[in-house]
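J.: Quick one: sequence plus predicted model below, questions after.
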Amino acid sequence: MKVVLRLILLALAVGGIAFGLTRLLAHPHAKTDEMAWMKTEFHLTPAQTAAIEKIHEAYAPVCMEHCRRIRDTRALLQSIETAGRLNTAEHAAALAEMIRLKGICHDATQKQLEDVAAQMAPAEGRRFLALTLPKLSDQSHDGPIDLR
Amino acid sequence: MNDHDRLSSVLKTWKHEPSPAPGFPYSVWSRISAEAAAPAPVSANVSRFPFPLSLAASFTVLLAVLAGAGAGLAFNHSRTTDYMAASYVRSIDPFQMTAPASPHTHS
């Protein structure tokens, strides 16, 4: 019984050391290119990779335009708040515009993710969406807005 | 025959038989029993197994190394996957891209 206990303790110690060393030596986050990560993680074929790259290219100008509008609205809101014109019609209009933009951007990003997932094998696409959808900036359009 | 020759022949035949030290057997047995009673180092206790178990112990250690390394790799993979998924979403979500601390920006 004592021998078995010693064996268990030894196994636990050795297993713990192996776990720690592997975590330390195999660097996570080593890959920084998202497309390269997607290729290996979701086993994309060259045709699927090309199709996803095309989707990215088509989305880039849309994304750029959304970013510009968000920056403009944020700057407007900040200037209103800095001037102390809170609780004015101008502030309410800027806030409403920000909420509207948030909804548009959320829907556009979600559609982009679904379009990318549609190019993958069905199981990989579902896994991709399960991983990425929860990381969207907000799951509902009614949440508080980060104005920074 | 001179003195040197006589001394040489005496030395050749001379035998010295020392008498045993007092309590010699007792001191030998007490040293043996003291060594047997002393506790072995912890490392020796942990790593020494009776012969029939030595193979099982080696096999268990090998399995523990494989399981530990496997769990480490799985943990790292899960962390990397989560990190890269978040990074990808950040690169296409305008709200996250325009956040002040975001590394992703349109040029």
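T.: Cool, the structure landed.

J.: contacting residues around the nearest residue to A:Arg23 once chain neighbours are set aside?
T.: Nearest non-adjacent residue to A:Arg23, counting by Cβ to Cβ, 6 or more residues apart in numbering or on different chains: B:Gly72, 4.6 Å away. For every residue, glycine as well, the C-beta is placed using N, CA and C. Counting by Cβ atoms under 8 Å, 6 or more residues apart in numbering or on different chains, B:Gly72 makes contact with A:18-23, A:26.

J.: List buried members of those by neighbour count.
T.: Neighbour-count burial (16 or more other Cβ atoms under 10 Å in any protein chain shown) applied to the contacts of B:Gly72 gives A:18-19, A:22-23.

J.: Restricted to helices, list the contacts of B:Gly72.
T.: If you go by DSSP state H, the contacts of B:Gly72 have A:18-23 in helices.

J.: Relative to A:Gly20, how far out is the residue nearest to A:Arg23?
T.: B:Gly72 sits 7 Å away from A:Gly20, going by Cβ to Cβ, to the nearest Å.

J.: likewise B:Arg31?
T.: Counting by Cβ to Cβ, the gap from B:Arg31 to A:Gly20 is 43 Å.

J.: With A:Tyr59 instead?
T.: Counting by Cβ to Cβ, the gap from A:Tyr59 to A:Gly20 is 42 Å.

J.: Name the residues of stretch B:79-92 that are buried.
T.: Of the residues in stretch B:79-92, B:80, B:84-85, B:87-92 count as buried by neighbour count, 16+ other Cβ under 10 Å.

J.: whoops, stretch A:63-79 was the one
T.: A:63, A:66-67, A:69-70, A:73-74, A:76-77.

J.: if we can go back for a sec, reformat the contacts of B:Gly72 as TSV; add pLDDT and distance to A:His43.
T.: Formatted as TSV, those follow (pLDDT from 0 to 100; distance: Cβ to Cβ, whole Å):
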residue	pLDDT	distance to A:His43
A:Ala18	91	28
A:Phe19	90	27
A:Gly20	90	30
A:Leu21	89	29
A:Thr22	86	24
A:Arg23	84	25
A:Ala26	79	20
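
J.: in the chain, which helix or strand is least confident?
T.: All of this refers to chain A. Ranked by mean pLDDT, DSSP states H and E, the weakest helix or strand in chain A is helix A:2-25, scoring a mean of 87.

J.: let's do chain B instead
T.: Ranking chain B's helices and strands by mean pLDDT, DSSP H and E puts helix B:42-47 last, a mean of 59.
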